[in-house]
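Trainee: Fold the following and give me the result.
(one chain, ligands or ions: 1)
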Amino acid sequence: MPDTLKTMEPMHAMIRSGEPVLLCDSGDLADGGAGVPFEVVYLTESCHAFAVRYQGTVYAYLNRCTHVPMELDYQPNQFFDLTGHWLICATHGALYAPQTGQCRLGPCRGGLVKIEVSEADGQVHWHTSDKLQPEKPL
Ligand code: FES
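Mentor: Now for the predicted structure:
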């Protein structure tokens, strides 16, 4: 096998899309409050991600601004702006809609990478996809 193909092999077997991975307890996410960080492998790269609760629903995204690939939070796990209605990148102030991750204002381009989540029985899970895998085998 050519070396270029070998380097593309995943660290461990791909987990099929839609598998739940425990993220946190429901009580860890206050509405409009601090986010909960977690780790994922996006494509082949280890990345920080975060979950927040907005108007009762949990949303999760890669912690990567679309302006410059920097993490959004300057103060750890603080993702909402002062209004509590927008996710803000602390570096240059880009605003994203918490429900969709789409850019609302500022230098962002497009939207945050959304991660599917579910909440049941007091627990929040994120879900794998062909681009998002857990850091460790399940
Ligand atoms: S790096 Fe996020 S707005 Fe510039």
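Trainee: residues touching the most centrally placed residue in the chain, list them.
Mentor: Nearest to the geometric centre of the chain sits Tyr61, at 2.3 Å (Cα atoms, centre = their mean). Shown in contact with Tyr61 (Cβ atoms under 8 Å, 6 or more residues apart in numbering): Ala49, Phe50, Leu87, Tyr96, Gly101, Leu112, Val113, Lys114, Ile115. Quick note: C-beta positions are derived from backbone N, CA and C, even for glycine.
Trainee: which one of the residues you listed is nearest the ligand?
Mentor: The nearest member of the contacts of Tyr61 to the ligand, counting by Cβ to the nearest ligand atom, is Tyr96 at 9.5 Å.
Trainee: Would you list the phi and psi of the residue nearest to the centre of the chain?
Mentor: Main-chain dihedrals, Tyr61, degrees, to the nearest 10: phi -150, psi 160.
Trainee: and the nearest residue to it once chain neighbours are set aside, how many neighbours?
Mentor: Closest residue to Tyr61 apart from its sequence neighbours, by Cβ to Cβ, 6 or more residues apart in numbering: Leu112 at 4.0 Å. Residues lying near Leu112 (other Cβ atoms under 10 Å) number 27.
Trainee: Equivalent analysis for Phe79, please.
Mentor: Phe79 has 27 neighbours, counted by other Cβ under 10 Å.
Trainee: what about Glu19, distance to the ligand?
Mentor: Separation of Glu19 from the ligand (Cβ to the nearest ligand atom, to the nearest Å) stands at 31 Å.
Trainee: from what I can see that residue touches Trp126, true?
Mentor: No: counting by Cβ atoms under 8 Å, Glu19 sits too far from Trp126 to count as a contact (9.7 Å).
Trainee: more neighbours, the two?
Mentor: Between Glu19 and Trp126, counted using other Cβ under 10 Å, Trp126 has the larger neighbour count: 23 against 14.
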